[in-house]
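[1] Following is a predicted model, sequence given first.
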Amino acid sequence: MEAAREVLDGASKGNSGILHTGFDAPVGSLEARCVVEGREEYLAIRESLGLPLLRTGALVLAWDDEQAGRLPELLAQAHANGVLDASLLSATDARALEPGLAPGVCGAIRVPGEAVIDPWSAAHAYLLQALLNGASLWREAPLRAAHHQGDGWLLDTGAGPLRARMVVLCAGLHGDTVERMFWPEAGFGIRPRKGQFVVYDAPAARLARHILLPVPTAVTKGIVICRTAWGKLIVGPTAEEQDSRTEAATDPDTLRALMRRGERILPGLAGQRVIASYAGLRPATEHKDYCLRLDAGRGLLSIAGIRSTGLSAALGIARHAARLLGGEATPPATIVTPRMPCLAEDPDAPGEFSRDWVRPGHGGIVCHCEFVTRRELAAAMEGPLAAATLAGLKRRTRVTMGRCQGFNCLAEVAALSAGRLDPPVGSALRHGAAASGHDHG
Amino acid sequence: MIMAESMPFGSEGGMGDCEVAVVGGGPAGLAAATELARQGVDVLLLERNAEAGGIPRHCGHPPFGMREFGRVLRGPEYARRLVARAREAGVRVMTPASAVALLPGGELAVTSDAGAGRLRARAVLLATGVRETTRAGRLIGGTKPAGVMNTGALQGLVYLAGQVPFRRPVILGSELVSYSALLTCRHAGIRPVAMVEPGARPLAWRWSTLLPRVLGIPCHFDTRVEAVVGTNRVEAVVLHRAGRTWHQAADGLVVSGGFTPEASLLESSHLVVDPATGGPVVDAFGRCSDPAYFAAGNLLRPVETAGWSWSEGRAVARAMLQALRGGLPDPAAAIDLLAQGEALRYLMPQRLSPASEAGLQALQLRVRRPVSGTLSLQDAGRVLWQQRLAALPERRIVVPLALLRRAADAGGSSRVLRVCLDEPST
């Protein structure tokens, strides 16, 4: 059940796309365990699902003696978390690995296993596989009330009533309000933490191979410079507490500050073209670790407070949840595995990922910045997980997400998606409004 | 999807050949292709959109075509005529077909419905035009509701898709294209609530700036767009002027102008790019750092009119014809021109070639801000030529290359000369 018309419309839409090793997670935490397990499973299944992996590695960079002094402790933490290939680097070695780094690096930790993935194709693949193997998806089904009756639950949703024997809550930014529908009190409170990002165009992605991390503080992992799976470079996120759980606005001064911050780390960023900016909301809570709550008797599990490692940990969390619920369900005799369209680009390995436009019958490129073909757009609007909004189509195909942001192709996207997306692309008519536009009730 | 022409690849999807490949079917590319085909050259034009014609295709208003057809046309009709003329001349127009990489010596990686392949040409003309700076490029903050777009997207939606994306938008910018956006709005029954320009005065010529007054649309100068407000649709635009910030109720935002060459193919290629124009470094023949490649039209510099780009396409086509016949001066004979002075935004061509009737005949310049001073050609501090210059940003400034060439020839044998813009110190 998803409240919105599209999945991934909450915290998941503004992600950094990093597949973490869990090296800096609190030792012994549920988070550390789920990240390690989740990453392992991603690596094991990604090829069969057609999911990308950019083996970038990461460098945790110390810029002064105080930060350098904390590196050994961080390295010990990495080793304690089972990330045994993490190692200390001298400033010279760090600069040899990343010649674009500003002078002033005092030392670093290298974490070879940190990688970059497509945050959306991964989640779409998991859901699509479920749908192809018997699950169903209710969209626009916000939960209004829940009643425990007999041996199960009766859920009152925006899309109608739903009976279930077990319920798993993964309501992200609404985790606490949803939990209160099932328990007298929520075990935590969501404190939305906004993260703003700046996205640089492809030439900037050649400035650094590794994910560049600062030495983390207790509050945040800090500002990261990292490639995206689509061959761009992002700088962010900020960490700003706010009340709104739905609205994530960027502000020009913060974006400018992020750009300056990026240039202090990678001087070559100065003058590089910014093609987008975005803000995501992390469902932070007053607790450091994930907030899991089980009521086995009533068939109820709440999974919440997945602050910033949800993408890496998702599959690990799912395994943990299955164990907690004691589900010994028999898997179907044959499991259908979907194959996701490849959207990834690696500036260091052109040709590593084979995009649709190399194969005949693609109908021509529509989005020229991101090389999105007519065939890819048509496919994304069909099937059990068809895009229902422009944002959903963007996450599935990258259409209009490049340097021109729709200057060239928006009209064609409007024509190709007519009747498929709601609200329609490029129309002032509101969702559900009749063409006459009058509603006198 | 029906292809205008079949792919020129062999049956194994292998290499195709043509004498000249033109990348981009706007006014510059079509003019050049027509000119070359009329001289008997085998020309293949790749247009990445489903139809050739370029930006005029979605500028549903006049004036286009005076110098090309001797009459005033609307953009779509002008584009249709340019395409028809190219086909009549024998140009093979392929749509939709995209060049995806430029390889040394005139080899292109291309893709079309037939899949990816290679295309080899004796000479390639790059005429990929320009795009507008986006909301993100201008660092406009706020949320991301529907209804924020460039003029290009607005015109595509209105003229090509028959859509009305908003009813009461704010238009950001005061370039010629900003007034074009205003005409597009008027055509679609959209009533802009304000025009906003960060600078102190309009960037376009005066006659166009009368338009909002006639239409009763308020214009705010020295005003920035800070942010967009709205969840699903734009609800307001946050404006800032001289320390004051206010919400302007609106249901859309047109981010107009701030053109930049559509040069991503160049940026991932071996060709030398001029950071000042954002286009390729060219000599007076429109020839790039790899002599198999030429460029014309707005890819060379932001931004000129369709008619100007069309003339430029023809001029560079004549130079390409000479190149094919072995008569174009050696690239090494050119002198590098370097811009000096912070007010000088760019110059083009960046290399001064020996005299020829083919190719570009004028040095094109733009300034960053209103200036009044002296423009000169200098050799290590020695002034070879100079003239007074009073100019505004986004306005065309041209100096005949013949003047500079004469001064350079008289001045000696330097391979690098500076074009300087000096303002009297106050």
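    Okay, I see it.
[2] what's the neighbour count on B:Ala28?
    When neighbours are defined as other CB atoms under 10 Å in any protein chain shown, B:Ala28 has 35 of them. The way it works is simple: take the backbone N, C-alpha and C, and place the C-beta from them, glycine included.
[3] same deal with B:Trp308?
    B:Trp308 has 17 nearby residues by other CB under 10 Å.
[4] sec struct for it, please.
    helix (DSSP: H, G, I helix; E, B strand; the rest coil).
[5] So for it, what's the pLDDT?
    What the model reports for B:Trp308 is a pLDDT of 97.
[6] Likewise for A:Gly82?
    A:Gly82 is given a pLDDT of 95.
[7] Quick one: the helices in chain B, in order.
    B:27-38, B:66-69, B:75-89, B:151-155, B:176-187, B:206-215, B:264-267, B:306-324, B:401-411 (DSSP state H).
[8] Let me know which of the ones you listed is the nearest to chain A.
    When the helices of chain B are compared by CB to the nearest CB, helix B:151-155 sits nearest chain A, at 3.9 Å.
[9] mind checking which of the helices of chain B is nearest A:Gly69?
    helix B:264-267 (41.4 Å; CB to CB).
[10] quick one: that closest one near chain A?
    Yes: contact of helix B:264-267 with chain A (CB under 8 Å from any CB of the partner chain) involves B:264, B:267.
[11] Pull out the buried residues from that helix.
    Buried residues in helix B:264-267, counted by 16 or more other CB atoms under 10 Å in any protein chain shown: B:264-266.
[12] Quick check: the residue most central in space within chain B vs chain A, distance?
    Compute the mean C-alpha point of chain B, and by CA atoms, centre = their mean the closest residue is B:Asn298, 2.2 Å away. Going from B:Asn298 to chain A by CB to the nearest CB, to the nearest Å gives 13 Å.
[13] need the contact list for the residue nearest to B:Ala181 when sequence neighbours are not counted.
    Of all residues not flanking B:Ala181 in the chain, B:Thr151 sits nearest, at 4.3 Å (CB to CB, 6 or more residues apart in numbering or on different chains). Contacts were defined as CB atoms under 8 Å, 6 or more residues apart in numbering or on different chains; by that measure B:Thr151 touches B:132, B:177-178, B:180-181, B:184, B:254-257.
[14] and with 10 Å instead?
    Residues in contact with B:Thr151 (CB atoms under 10 Å, 6 or more residues apart in numbering or on different chains) are A:407, B:55, B:58-59, B:132, B:171-173, B:175, B:177-182, B:184-185, B:254-257.
[15] how near is it to B:Glu132?
    6 Å (CB to CB, to the nearest Å).
[16] Show me the common contact partners of these two, please.
    A:407, B:173, B:175, B:177, B:181, B:254-257.
[17] Please name the residues that touch the closest residue to chain B within the stretch 51-200 of chain A.
    Of all residues in the stretch 51-200 of chain A, A:Val199 sits closest to chain B, at 7.4 Å by CB to the nearest CB. By CB under 10 Å, 6+ apart, the contact list for A:Val199 reads A:228, A:230, A:232-236, A:273-278, A:401-403, B:136.
[18] In space, what's closest to whichever residue of chain A sits closest to chain B - neighbours in sequence excluded?
    Of all residues in chain A, A:Ala411 sits closest to chain B, at 2.9 Å by CB to the nearest CB. Counting by CB to CB, 6+ apart, A:Ala411 lies nearest to B:Gly156, which is 2.9 Å off, once chain neighbours are set aside.
[19] So that neighbour sits against B:Gly75, correct?
    No: between B:Gly156 and B:Gly75 there is no contact, the gap being 11.7 Å when judged by CB atoms under 10 Å.
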